[in-house]
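>>> Predicted model follows, preceded by the sequence.
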Number of protein chains: 2
Amino acid sequence: MSNYRYKCFDCEKIYSKEEVEINLIYLCPDCGEVEKNTPLKGILLIEYDYDDIAKKISREEFLRYPTGKFWVYDFLYPIDFNNERLKKIKNQLDKISLPSNNYLIENYEAKQFAILDDTRNPTLSFKDRASSLVALKAIELGINFVSAASTGNAGSSLAGICARLGLKSIIFVPKKIPEAKRIQIQSYGAELVVVDGDYDLAFDICLEISGRKKWYNRNTAYNPMTIEGKKSAAFDIFISTKGKVPNHIFIPAGDGVIISGLYKGFDELKKLGWIEQLPKLISVQAKGSDAIFRFYNERKFEFKNANTIADSICAGAPRALYLASKAIKESNGDIVLVDDNEILFAQKIISEKFGMLIEPSSATTFAAFQKMKFDNSLLLFTGNGLKDVSSLSFWNKQPEVLSIDKIKEKYF
Amino acid sequence: MSNYRYKCFDCEKIYSKEEVEINLIYLCPDCGEVEKNTPLKGILLIEYDYDDIAKKISREEFLRYPTGKFWVYDFLYPIDFNNERLKKIKNQLDKISLPSNNYLIENYEAKQFAILDDTRNPTLSFKDRASSLVALKAIELGINFVSAASTGNAGSSLAGICARLGLKSIIFVPKKIPEAKRIQIQSYGAELVVVDGDYDLAFDICLEISGRKKWYNRNTAYNPMTIEGKKSAAFDIFISTKGKVPNHIFIPAGDGVIISGLYKGFDELKKLGWIEQLPKLISVQAKGSDAIFRFYNERKFEFKNANTIADSICAGAPRALYLASKAIKESNGDIVLVDDNEILFAQKIISEKFGMLIEPSSATTFAAFQKMKFDNSLLLFTGNGLKDVSSLSFWNKQPEVLSIDKIKEKYF
């Protein structure tokens, strides 16, 4: 069991576990703020006693843990597995484990790179890392209803993980949600609330209803478990590379939560004395959704409507903007823009050369890698291409139907 | 390296490895027959020296092998990994490995059962087991082009596995192929030939062109590697259950190749002296595609056009009919029919209660299990529901778009 506390990313105020969790607090009570078309203020981060952990477990022991099952090293997670409710479901955790063989090495045009393949997770997206931790915390807190606002993958992930662990999910979606993603959320038995408005409105009304109903809320960046859950990717990379973490990691960035999670994970490994240096975190955004890029370079945030084929990273006001920006800076990383044509071309190469169908958002990492071609790089693939095949149709034309005679003519 | 020979299932004639493989023979040269709307005759099965294997490796040693990587016990596969071409790609085999945690335990209405979850394989279907072995054999034979006729999953699987291993695939599909499945095949970089006709015609022309071009052919049941590849599921079950194989296994059956493969695998485990009794293999067919059911009960085959929502098991003339029928009989199994409504209802329960999106064909196993409720059962889930979301739309209605006021009215 872990020993932890919460700390506000902005005002750095400290809160005890009890203060935050008994009162179902998400953002900093002092400076936290949810505002339309604006990044969140007062995101709470979880801190452990790293010196104490480093005394109890060695780097070598940690490296022997399996990947894809973060609960096996529960001392780095804010979950109390001695809780009676969690004890009851402990033998069911395999249902939410990730494939253990998701670290791959590929080659393209004489350059080698690694892939962390999160496209075969339980609901086929990276978001399962966050949803799983959220669901476990809900069970620990004795809450059976978990809600979220989502444009697709997060809702589908939460709904699927909740179904696997016996929880009920309520998902608020904007009316423009892609058909395929809407069907996934519904299929998992979620209560679906289609809001007559955009994602921001769905986010707001989800918070309001969830607060009243005392549902546990999984809104991304808002619930501390979302960043905390995503840090498991850093540990999986650390274990898969036997401690030799890559120099560069390419990460698709919309709300900035994935890069924030990875940064937190690697930063903890450094605090534990298990790595000397953080990998450079290369944040990749679509040209039509470049809020983190603009903030990072101009030091000011300005809301602009976002638009890109990579719908999973389409965000005008990245919820974790400030944290994502810090992650890039502190890791000596960078931020790269790729346009929709580059994204679709990257998706095509990945499919044809590596046999992997991935979402446009995941393809951004390969497009960016093609520009930089750093040695010792790892690309994050965060969503399966089958979650919405419409992007694949862009570069696969409807083929001609051929008669037997025509076929023989062509091949004989 | 394994020691093996080929034996005709029908006339029992024996052929050496060299006779079959150097001449690119698929069916028995003596009695083999491909005929329209008729099951195949002369399927060749691979036989090993089981006494010799049992002398070299013990049951306990075998049970320590990982699941999802059949090549680690190459003595039970017809592949020579000392071959120069295969040596070169040996470090790339992780790309085609299956998730190691695909054996799950579930409960429903006070009944427990196990699931072998093949929905998160490299191309999200069971067919990857066959495609992988076919692709490795092609590499061993020095053939860079692999072809198949397919109605969807087999083609997509072959195309994806070929892309992963650097081979070129050519897939012949009937013109009625579902859009989503067509796009998957194309995306993997396969050369797609859309035949103006049905699956049978695609099968025939694929054979003819492949023969002329000396492409390696993966047509299901026709290429001995397809049944041989699918037997790996039996070994995975044996290893996952630590040798305590289930009493009953529910298997979706269209062409009858999956049940034939499982039967072969369990039969080999019995010949090796590692299990005493075969699991009862329960073949499940859709009411609208019941050729194996009719043959099993009436002992005669009659072609009837097949039609079911479970398109992956829709087959008027099951290619491996006789072998599938033997598998049911010899294992003391059974054959069960379920109708399309039962299939869709099963798909809904699996999604909502277990958080797994599966194809209609996979859902047949749960529908059948619900009828029989045998103790100690395992269900095979063979394809991911996201491969074609149209079936999910049947039971997920388009939801109403709600204004903020309506939402508040509903939840406050």
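Here it is on my side, so go on.

>>> what does the stretch 1-150 of chain A put close to chain B?
A:68, A:91, A:94-95, A:97, A:99-101, A:104, A:120, A:122-124 (C-beta under 8 Å from any C-beta of the partner chain). In this view, the C-beta of every residue, glycine as well, is placed from N, C-alpha and C.

>>> What's the separation between the nearest residue to A:S232 once chain neighbours are set aside and A:Y26?
Among residues not flanking A:S232 along the chain, A:F70 sits closest, at 4.2 Å (C-beta to C-beta, 6 or more residues apart in numbering or on different chains). Separation of A:F70 from A:Y26 (C-beta to C-beta, to the nearest Å): 21 Å.

>>> what do you get for A:S58?
For A:S58, the distance to A:Y26 equals 35 Å [C-beta to C-beta].

>>> When these two are compared, which one has more neighbours?
The neighbour count for A:S58 versus A:Y26, taken as other C-beta atoms under 10 Å in any protein chain shown, is higher for A:Y26 (25 against 13).

>>> quick one: contacts for the more buried one?
The contact partners of A:Y26, taken as C-beta atoms under 8 Å, 6 or more residues apart in numbering or on different chains, are A:32, A:44, A:217, A:219, A:222-224.

>>> Next: A:D334.
The contact partners of A:D334, by C-beta under 8 Å, 6+ apart, come to A:280, A:282-283, A:328, A:372.

>>> rerun that using 6 Å as the cut-off
The contact partners of A:D334, by C-beta atoms under 6 Å, 6 or more residues apart in numbering or on different chains, come to A:I282.

>>> Over to A:L133?
By C-beta under 6 Å, 6+ apart, the residues touching A:L133 are A:225, A:228-229.

>>> and it, how far is that from A:P29?
22 Å.

>>> and if you look at A:K87?
Distance from A:K87 to A:P29, by C-beta to C-beta: 31 Å.

>>> Neighbour count: these two, which is higher?
Comparing A:K87 with A:P29 by neighbour count (other C-beta under 10 Å), the higher total belongs to A:P29, at 15 against 11.

>>> so A:P252 sits right up against A:F366, yeah?
No: with contact defined as C-beta atoms under 6 Å, A:P252 does not reach A:F366; the gap is 10.3 Å.

>>> coming back round to it: filter the residues of the stretch 1-150 of chain A next to chain B down to the buried ones, ChimeraX style.
Of those, the buried ones can be selected in ChimeraX as follows, counting by 16 or more other C-beta atoms under 10 Å in any protein chain shown:
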select /A:68,95,97,99,100,101,104,120,122,123,124
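
>>> Around chain B, pick out the residues from the stretch 151-300 of chain A.
Neighbours of chain B within the stretch 151-300 of chain A, by C-beta under 6 Å from any C-beta of the partner chain: A:160, A:163-164, A:175, A:180, A:183, A:186-189, A:192, A:194, A:196, A:205, A:209.

>>> Derive a PyMOL selection command for the buried subset of those residues.
Only the buried entries of these go into this PyMOL selection, using 16+ other C-beta under 10 Å:
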select buried, chain A and resi 160+163+164+180+183+186+187+188+189+192+194+196+205+209
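
>>> where does the stretch 51-200 of chain A have low pLDDT?
Along the stretch 51-200 of chain A, the model assigns pLDDT under 70 to no residue.

>>> Show me the helices in it, by range?
A:59-63, A:84-89, A:128-141, A:153-165, A:179-187, A:199-213 (DSSP state H, counting those that start in this stretch).
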